[in-house]
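Undergrad: When you get a sec, could you give me coordinates for this:
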Amino acid sequence: MNALIYTLGVVLFILGVIISIALHEVGHMYPAKKFGIKVTQYFVGFGNTLWSTKRGETEYGIKWIPLGGYVKLVGMLPPAKTDDPHKVRATNTGLFTQLVADARHAEYEHVTDADQDRLFYRKPWWQKLIVMSGGPIVNVLISVVLFSIVIMGFGIQEPTTRVNAVSDCAISDAEAGRACTNDDPVTPARLAGLQPGDEFVSFNGTAITSWEQLTKLIRGNGEREATIVVERDGREVSRQITTSVIARASLDDPERTVNVGFLGVEPVRDYVRHGPGTVASVMGDYTTATADVILHLPQRMVAVTQAAFGAEREADGPISVVGASRVAGELVTFDEPTWGERASRLLVLLASLNLFLALFNFIPLLPLDGGHIAGALWEAVRRGWAKMRGSPDPGYVDVARMLPVAYGVGALLLVMSVILIYADIVNPVRLS
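TA: Below you'll find the model as predicted:
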């Protein structure tokens, strides 16, 4: 049964990835068509064509490898200023010069005079900005919708003020996982007779409203007496206890260990629904964490490369779609979750992926969307500055000059993808 559920999780995740890619490309295509730009192709996937159909001037289709997609916007590259739009210089010197010339030639091979006003590069900078930002913005919106479904619909699993289990002995974080021995001190909670199902009412006269609040009160009590009131079977029970002191991870810095007050209870965790404010807060936290991952991607790729050849794999390191699919399968089977928990976990994974795709695509380098966004913004600055100074219009920004950078970035992304996929096969990230 677990194998079937695992497979279902993988299939649903891949389907979610394909839908996300398809909507990303719609984010480019829809405004492009609205602005009159000629769109000749809309494809999801790479490689050989699996299926396609033509509607009007646009061919829609699906390709074999569901790792990306593209929309063909005619006229992405402007002709060289000294060239006819339909011609390229007869001779070119240098490898990069030839590559740029060939790219321009391919761009205008099927462009007719009737298409001149529909070329991408001839549109106002703000229209280019909207078209190229459309894809990543759609990914952000998908992420917001999925996080909203999880947080406002399923809810977030949080510790409550109800006791789930009472620890038998006091063991520091460094010894966590081992069994209790006769030499270990009995926990204050066990000595006080606390039981699973007890609901905390107050601690030293302070009304308890959350597990976080209770944790801080217990930690701050040190090795002193305290009066605890719990609700048990509909009546309030008061207990006098003396909290012990034990080494625990700091709440402010998990890497640092501090001696704090200790009681010895584990809370019941329930799903609690929250409003839009929590969605915004969670999105902010994920955005910060994702941006940090992208910023440190080069050094993290070094660790992945080492892991591909036998080193330990970082649990929070980057993974490919292959690795993410394996994680999806584990998420829906790990710790025997309910069907609601399975759905919630998959949605969070897809939301995180969409947020990563959006932020990654905003990097201002070709061939990423951010490279074209940067070109549109630079065009606005140049033209605005020239207008303020009364200078001649400098014209369109020639993004073709950045094609050598695009080829280099594309090659680097390909190498990174191969390394990630290989590492995810031979040394995958595992939840356990």
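Undergrad: Isn't residue 283 up against residue 145?
TA: No: using CB atoms under 8 Å, residue 283 is not in contact with residue 145; the gap is 11.1 Å. Placement of C-beta: from N, CA and C, glycine included.
Undergrad: can you give me the helices in this structure?
TA: Along the chain, counting by DSSP state H, helices occupy 2-34, 95-108, 125-148, 188-191, 211-221, 276-295, 297-308, 321-331, 339-361, 369-389, 403-426.
Undergrad: Tabulate those (TSV), appending distance to residue 115 and mean pLDDT.
TA: Converted to TSV, these look like this (distance: least, CB to CB, whole Å; pLDDT from 0 to 100):
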stretch	distance to residue 115	mean pLDDT
helix 2-34	14	95
helix 95-108	9	68
helix 125-148	16	97
helix 188-191	76	94
helix 211-221	62	95
helix 276-295	37	94
helix 297-308	39	91
helix 321-331	36	91
helix 339-361	27	95
helix 369-389	19	93
helix 403-426	22	91
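Undergrad: out of those helices, nearest to residue 51?
TA: helix 2-34 (13.0 Å; CB to CB).
Undergrad: Would you check how far apart the most centrally placed residue in the chain and residue 345 are?
TA: Centroid-nearest residue in the chain, with CA atoms, centre = their mean: residue 352, separated by 3.0 Å. Using CB to CB, to the nearest Å, we find residue 352 at a distance of 11 Å from residue 345.
Undergrad: for residue 165, same thing?
TA: Taken as CB to CB, the span from residue 165 to residue 345 is 23 Å.
Undergrad: between the two, who's got more neighbours?
TA: residue 345 (20 against 13; other CB atoms under 10 Å).
Undergrad: contacting residues for the more buried one?
TA: 331, 332, 337 (CB atoms under 8 Å, 6 or more residues apart in numbering).
Undergrad: so which of the residues you listed comes closest to residue 156?
TA: Nearest to residue 156 among these, with distances taken as CB to CB, is residue 337, at 14.5 Å.
Undergrad: who are the neighbours in contact with the closest one?
TA: Taking CB under 8 Å, 6+ apart, one finds 331, 345 in contact with residue 337.
Undergrad: how close does it sit to residue 63?
TA: Taking CB to CB, one finds residue 337 at 34 Å from residue 63.
Undergrad: and what of residue 249?
TA: In this view, residue 249 and residue 63 are 48 Å apart by CB to CB.
Undergrad: Mind listing what's buried along stretch 135-147?
TA: Using 16 or more other CB atoms under 10 Å as the test for burial, stretch 135-147 gives 135, 136, 137, 138, 139, 140, 142, 143, 144, 146, 147.
Undergrad: Ok, stretch 363-370 next?
TA: Quick answer for stretch 363-370 (16+ other CB under 10 Å): 363, 365, 366, 367, 368, 369, 370.
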